[in-house]
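> Fold the stuff below for me.
(one chain, ligands or ions: 2)
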Amino acid sequence: MEADMSDETQEPGRLRIPSCNCGCGLSEIHPEMLLLARLLTEEFAEILWTSGSRCEQHNEKEKGSKHSGHLPIWGTERNKTVALDGTLSPWNSQRVRRILFRAIQHGATGIGYYPRKRNPSFHIDRKPRLQLWKPGPAGRLRYFF
Ligand SMILES: [Zn+2]
Ligand SMILES: [Zn+2]
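Numbers count the residues shown, from 1 in each chain. Ligands and ions are numbered 1, 2, ... in the order given. Alright, predicted model coming up:
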């Protein structure tokens, strides 16, 4: 199962966001995040979305925060997820920075930047507080821009 906002007038840039990567089928992405993903995918068609909603068990396995935007605890009914992970293949740091700046312009408040050698990725979310981070020698570096 995956979120699919495509229709015949919207090709290319079909929006594909996987449901929980443990295979449980959870896919409760907040409509604002789907819109954000749609806007980004229209402009940067090469984005590969790798993670959206996560169930609690899978979030623990991934060592995600208890307050992760990937968990279904956000939104008015507290059952929506507000975080997405994506990547580019091949990775292109300059391009990713452009994507992240655009995400902020479109209302993203959480930005994670992981330009690692294995499985580089980026994270965007809409939690209520502005946070920008990347992993570094001192742990999580905040406000890296
Ligand atoms: Zn799951
Ligand atoms: Zn994430």
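> List, one by one, the residues from this protein near ligand 2.
Taking CB under 5 Å from the ion as the criterion, the chain approaches ligand 2 at residues 83, 85, 123. All C-beta spots, glycine's among them, are computed from the backbone N, C-alpha and C.
> tally of neighbours for the last one?
The tally of other residues near residue 123 (other CB atoms under 10 Å) stands at 23.
> Might one say that it is in contact with residue 96?
No: with contacts defined as CB atoms under 8 Å, residue 123 does not count as touching residue 96, sitting 11.1 Å away.
> Provide a list of residues in contact with residue 65.
If a contact means CB atoms under 8 Å, 6 or more residues apart in numbering, then residue 65 has no contacts.
> wait, residue 30
Listed by CB under 8 Å, 6+ apart, the contact partners of residue 30 are 74-75, 80-82, 126.
> one more time with 6 Å, if that's ok
Remark: with contacts taken as CB atoms under 6 Å, 6 or more residues apart in numbering, residue 30 is in contact with 75, 80, 82.
> show me where this structure has strands.
Secondary structure of the chain, counting by DSSP state E: strands at 2-3, 17-18, 48-51, 83-87, 110-114, 121-125, 131-136, 139-142.
> distance of the spatially most central residue of the chain from residue 18?
When CA atoms, centre = their mean is applied to the chain, the residue found nearest the centroid is residue 84 (1.6 Å). Distance, residue 84 to residue 18, using CB to CB, to the nearest Å: 10 Å.
> what would the strands of the chain look like in TSV with mean pLDDT?
Compiled in TSV, these are given as follows (pLDDT from 0 to 100):
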stretch	mean pLDDT
strand 2-3	56
strand 17-18	96
strand 48-51	97
strand 83-87	98
strand 110-114	92
strand 121-125	96
strand 131-136	79
strand 139-142	63
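> show me the residues around the residue in the chain that ligand 2 sits nearest to that make contact.
Residue of the chain nearest ligand 2, by CB to the ion: residue 123 (3.4 Å). Contacts here follow CB under 6 Å, 6+ apart; on that basis residue 123 touches 85, 112.
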